[in-house]
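Undergrad: the sequence and its predicted three-dimensional model are supplied below.
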Amino acid sequence: MIIWFCLGVALASLVTWWVWWRGRREIFRLDEEKQRLQDERTIVVEFMHQLAESIGEGVDRKELFKRVVHAGLISAGALSACIFERTDNRLRGVAVEGLFPPHRPLPAGTRFSGTSRTRLMEQILRSEVFEVGEGLVGMVAKTGEGILIADASEDPRVVKHDDPALEVRSVIVVPISFRQRNIAVLAIVNSADGLPFGETDFSLVESLGEQAGLAIQNLDLMAFQIERNRMENDLSLASNIQGMLLPKQFPENPKLDFASVYLPAQKVGGDFFDAFELGDGRIGVVVADVSGKGVPASLVMAICQSNLRHFARAHSSPAIALRKLNEVLDEETGPEMFVTVVYGVIDSDQGTLTIARAGHELPLLCRGPSDTGPSVAEFIQSSGMAVGIVPDEIFAPAIEEVTRSFRRGDVLVLYTDGVTEAANHSEDEFGNARLEEALLHLCSETSADINRTILDRVTAFAKADSPTDDFTLLTVKHL
C-alpha cells in the first residue's frame with residue numbers, strides 16, 4: 001500500500017513538473033515571440049525615422065531608393081538587394097547593393113573577377129527592362145503579393161547562373177506600394193549566415209516595403225508641392241512683368257479715343273497690347289500674341305515691346321519696324337517661341353492709318369454712317385509671317401504694308417484670336433462675321449462702349465463666365 005502511495009505521489013509530482021515545464025516553455029516561446037516582434041517593430045520604426053530624415057534632408061527619389069535597399073539588406077542580414085522601379089507596365093533596376101544576380105541568364109561564357117563583376121552586374125541590372133508579370137519581380141509587381149522562397153535551389157521560378165557567385169539560395173521579393181498603386185519591387189537575395197530566409201525575415205521585409213511605399217509617396221508629394229510652388233512663383237513673376245508692360249494710360253490726343261479689354265485665360269496670358277506717341281501727331285498701336293505662357297512668354301513680350309517701340313521711332317514704316325523686330329527675335333529666342341503682331345501707325349493730322357501684319361488676326365476698320373450711306377466695315381488684308389520664326393531674307397518679302405484713310409467717325413479694332421475663336425458648346429466659333437456685324441451696329445458708340453458690347457456678345461455666344469483663351473481688344477475711334 002505504501003509503495004503504491006509513493007508511486008502515486010511520484011507520478012503526481014512528475015505530472016506537475018511536466019505541466020510546469022510545458023508552461024515555462026510556452027512562456028519562453030511567447031517571450032521570444034514578443035521579443036522578435038519588439039525587435040521587428042524597432043527596426044521598422046528606425047527605418048521609418050531614417051526615411052523621414054532622408055525626406056527632410058531633401059534627397060531625391062534615386063537616393064531614397066538607395067537607402068531603402070541598404071536598410072532592407074541590413075535588416076534581413078542579406079548579401080545583396082535591388083529595387084526595380086515600375087514605370088507603366090515595365091520594370092527597371094534603379095538601386096542595387098551587393099552582387100545581385102541579373103533577372104535573365106547571362107550570355108554563355110561570361111566570366112568576371114573582383115570588382116569588375118560587381119560593376120558589370122550593376123550595369124546589367126540598370127539596363128535590363130522587363131514586363132510586369134515577367135519573372136519573380138514582375139509577378140510581385142503584377143499581383144501585389146510578396147514571395148518568400150526559403151530554398152531556391154530547386155525552384156523553377158529562380159533564374160540559374162553558371163557563375164557560383166550568382167547562385168540564388170534564398171530570396172525574398174516584396175512590393176513597394178501605396179494604396180494599391182505599385183511603385184517598385186524590392187528583392188533580397190541570400191542571407192549572410194548561409195541560412196534560408198524565414199517567415200520572420202519575410203514579415204520584416206514586407207513591413208519595410210510598406211513603409212518605403214509611404215515614404216516614396218510622401219517624397220513625390222513634396223516634390224510636386226515644391227514644383228507647384230516654383231510654378232506659382234514663376235507665374236507671379238510673369239504676371240508682374242506683364243502688368244508692367246501693359247500701358248497704364250493711352251496717349252493724349254484730342255482727335256482719338258482709346259479703349260482696351262485684356263482678359264487672360266490664366267494667371268499669365270500670352271497676349272499684349274500697346275499704344276505710344278511717335279511725334280508729329282502720329283501714334284503707334286500694337287496687339288500681339290506670344291506663343292507659350294509663363295516667364296518665358298513674359299520675357300519675350302518684354303523684348304518685343306521694348307524693341308518695337310525703339311524701331312517704331314527709328315522707322316516710320318510699320319513693315320520695316322516689324323522686319324527689325326524679327327531680326328532681334330530670330331537671334332534671341334528659340335524656334336518654339338514666336339510672336340504674331342499687328343502694328344499700325346495712326347497719323348491723326350493727315351487722317352491716315354498704315355498697317356503691317358505679321359501673321360496676326362486681320363485688323364477691322366469701320367467707317368461710321370454718313371449722309372451718303374450706312375456704316376461699312378473692312379477687314380484690312382495684308383500678308384505677313386509671325387516674327388521670330390524665319391530669317392529676314394524670308395520674312396522681308398512676305399510682309400506687306402497697307403494704308404487706309406482714318407477720319408472722323410472711323411473705328412479701328414485690333415484683337416487676338418481669343419475673340420474670334422471663342423466657341424460655344426457646339427464648337428461653333430464667334431468668327432469674323434459676327435465681329436463685323438457687331439461693330440457695324442456700334443460705330444457711333446465710344447471705344448469703351450464698343451469693347452464692352454463686343455465682350456458681352458462673345459461671352460453670351462460662348463456661354464462662358466471666363467474666356468478659355470486670352471481675350472484682347474484694342475479699339476481706337478477718330479473723333
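TA: Thanks, I have it.
Undergrad: which stretch of helix or strand covers residue 394?
TA: Per DSSP states H and E: residue 394 is located in helix 392-398.
Undergrad: just checking, what packs against that helix?
TA: The contact analysis (3 or more CB pairs under 8 Å, 6 or more residues apart in numbering; DSSP states H and E) places helix 392-398 against helix 318-332. From N, CA and C alone the C-beta is placed, and that goes for glycine too.
Undergrad: flag every buried residue along whichever helix or strand comes after the helix it packs on.
TA: Later in the chain than helix 318-332, the nearest helix or strand by DSSP H and E is strand 339-347. Buried residues in strand 339-347, counted by 16 or more other CB atoms under 10 Å: 339-347.
Undergrad: strand 339-347 vs helix 318-332, what angle?
TA: Strand 339-347 runs at 150 degrees relative to helix 318-332, counting by axes from the mean of the first three to the mean of the last three CA atoms, to 10 degrees.
Undergrad: model confidence over strand 339-347, on average?
TA: The average pLDDT within strand 339-347 is 96.
Undergrad: stretch 285-295 now?
TA: Averaging pLDDT along stretch 285-295 yields 84.
Undergrad: let's see stretch 400-410 as CSV, backbone CA atoms only.
TA: The C-alpha coordinates for stretch 400-410 follow below in CSV (Å, rounded to 0.1, in the frame of the first residue of the first chain):
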residue,chain,number,x,y,z
GLU,A,400,3.1,93.8,-96.8
GLU,A,401,2.2,97.3,-95.7
VAL,A,402,-1.2,98.9,-96.5
THR,A,403,-2.6,102.4,-95.9
ARG,A,404,-6.2,103.5,-95.4
SER,A,405,-7.8,106.8,-94.6
PHE,A,406,-8.7,107.3,-91.0
ARG,A,407,-11.0,110.2,-90.4
ARG,A,408,-13.8,111.4,-88.2
GLY,A,409,-16.2,108.6,-87.1
ASP,A,410,-13.9,105.8,-88.2
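Undergrad: what sits up against it?
TA: 317-319, 346-347, 351-357, 365-370, 378, 380-384, 412, 443-444, 477-479 (CB atoms under 8 Å, 6 or more residues apart in numbering).
Undergrad: neighbours of residue 187, how many?
TA: Residue 187: 28 surrounding residues under other CB atoms under 10 Å.
Undergrad: and the helix or strand it falls within, C-alpha only, in PDB?
TA: Assigned by DSSP H and E, residue 187 falls within strand 181-191. Output in PDB follows, covering the C-alpha atoms of strand 181-191 (Å, rounded to 0.1, in the frame of the first residue of the first chain):
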ATOM      1  CA  ARG A 181      -0.500  51.600 -56.500                       C
ATOM      2  CA  ASN A 182       2.600  49.600 -57.100                       C
ATOM      3  CA  ILE A 183       5.700  51.900 -57.100                       C
ATOM      4  CA  ALA A 184       8.500  49.400 -57.200                       C
ATOM      5  CA  VAL A 185       9.600  45.900 -56.100                       C
ATOM      6  CA  LEU A 186      12.300  45.100 -53.500                       C
ATOM      7  CA  ALA A 187      14.200  41.900 -53.900                       C
ATOM      8  CA  ILE A 188      16.600  40.500 -51.300                       C
ATOM      9  CA  VAL A 189      18.900  37.500 -52.000                       C
ATOM     10  CA  ASN A 190      20.900  35.100 -49.800                       C
ATOM     11  CA  SER A 191      21.400  35.600 -46.100                       C
END
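Undergrad: got any ranges where the stretch 51-200 of the chain has weak pLDDT?
TA: The model of the stretch 51-200 of the chain has pLDDT under 70 over residues 51-58, 107-117.
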